[in-house]
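# What follows is a predicted structure for the sequence shown.
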Amino acid sequence: MEHLREAAKLLAQAQRVAVFTGAGISAESGVPTFRDALTGLWERFDAQSLATPQAFHEDPDLVWGWYEWRRHRVGIARPNAGHDAVAAIETHAPHTTVITQNVDDLHERAGSAGTVHLHGSLFAPRCVVCEKPAALPEPTGEPDGGRRLPPPACVSCGGLVRPGVVWFGEALPEAALETACRAAAGCDVLLTIGTSGLVYPAAEIPRLAARSGAAVIQVNPRPTPLDRIAAVNLHGPAARSLPDLVAATWS
């Protein structure tokens with residue numbers, strides 16, 4: 001309770017807040033992480049080997065099929081109490097920027113506005129040639145009877161449409177990274193939620209906030225490398241810890 005009260009005091013006093021989320025908060029909604037074992041038709045594939053430009057170039061049908069399976073899984077997931085609490089923080093602290101490494105749009109579905117996506121979104125496909133945004137294909141459900149689905153063609157140039165996520169070996173979107181760094185450097189409090197703090201360059205965001213004088217509040221069930229830079233560590237799931245923090249701050 002002492003750590004919760006300390007975190008609530010810091011949050012209540014903050015003029016500018018940054019919220020930085022990772023896979024842990026979405027895992028609480030049943031969204032599988034890249035480190036989870038794949039199931040069903042996909043259990044013999046390594047997720048990290050499918051999430052590369054080279055994999056899409058060599059076998060676009062296989063990669064598109066896997067991402068359609070993943071989009072189906074994400075689409076039936078629902079925001080949890082942690083996502084709802086993040087949206088509540090935005091309501092109570094208007095100068096809040098939500099930054100996420102997740103590609104599932106669960107923050108938006110919980111009511112967060114203007115979320116900064118460092119790793120793109122499963123719901124924003126684009127052309128590999130002209131890079132124009134593409135419409136989502138009609139839902140097909142989880143692929144069955146085979147592992148491959150042909151990607152749609154771009155209506156502008158005819159090129160293949162790819163998932164709108166950042167693959168291994170690709171740079172983070174420049175505008176999103178700049179916005180995230182600006183928010184981290186200018187905030188009074190940064191909440192880091194459900195992230196290991198190991199995947200760079202995104203992992204630099206909470207460290208940048210700490211170097212700039214912000215108080216870092218970490219919410220994570222397990223210790224992480226960010227423990228040592230955090231002013232307060234709330235060791236617990238986001239779906240429990242964040243609603244408690246919101247209630248303690250603004251009740």
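Alright, I've got the coordinates.
# What is the neighbour count of His3?
Number of residues near His3 (other C-beta atoms under 10 Å) recorded here: 16. All C-beta atoms are positioned from the backbone trio N, CA, C, and that covers glycine.
# So it: helix, strand or coil?
When classified by DSSP: H, G, I helix; E, B strand; the rest coil, His3 comes out as helix.
# What's opposite the spatially closest residue to it that is not a sequence neighbour in the beta bridge?
Counting by C-beta to C-beta, 6 or more residues apart in numbering, the nearest residue to His3 once its immediate chain neighbours are dropped is Val232, at 5.4 Å. When bridges are assigned using DSSP bridges, the partners listed for Val232 are Ile217.
# Same check on Val161?
For Val161, the beta-bridge assignment (DSSP bridges) gives partners Cys127.
# quick one: contacts for the residue most central in space within the chain?
Most central residue of the chain, judged by C-alpha distance to the mean C-alpha position with C-alpha atoms, centre = their mean, is Asn102 at 1.7 Å. With contacts defined as C-beta atoms under 8 Å, 6 or more residues apart in numbering, the neighbours of Asn102 are Thr21, Gly22, Ala23, Ile25, Ser26, Val31, His117, His119.
# Now the lowest-mean-pLDDT helix or strand in the chain - C-alpha only, CSV.
Lowest by mean pLDDT, DSSP states H and E among the helices and strands of the chain is helix 47-50, with a mean of 82. As requested, the backbone C-alpha atoms of helix 47-50 are provided in CSV (Å, rounded to 0.1, in the frame of the first residue of the first chain):
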residue,chain,number,x,y,z
ALA,A,47,7.1,-16.3,-35.0
GLN,A,48,10.3,-14.3,-35.3
SER,A,49,11.2,-16.0,-38.5
LEU,A,50,7.9,-14.9,-40.1
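# ok so, going back, can you put the contacts of Asn102 in JSON lines and add pLDDT, neighbour count and distance to Val161?
Listed next are these as JSON lines, based on pLDDT from 0 to 100; neighbours: other C-beta atoms under 10 Å; distance: C-beta to C-beta, whole Å:
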{"residue": "Thr21", "pLDDT": "98", "neighbour count": "26", "distance to Val161": "27"}
{"residue": "Gly22", "pLDDT": "96", "neighbour count": "26", "distance to Val161": "27"}
{"residue": "Ala23", "pLDDT": "93", "neighbour count": "22", "distance to Val161": "25"}
{"residue": "Ile25", "pLDDT": "97", "neighbour count": "31", "distance to Val161": "28"}
{"residue": "Ser26", "pLDDT": "96", "neighbour count": "28", "distance to Val161": "24"}
{"residue": "Val31", "pLDDT": "89", "neighbour count": "20", "distance to Val161": "23"}
{"residue": "His117", "pLDDT": "98", "neighbour count": "24", "distance to Val161": "18"}
{"residue": "His119", "pLDDT": "97", "neighbour count": "20", "distance to Val161": "18"}
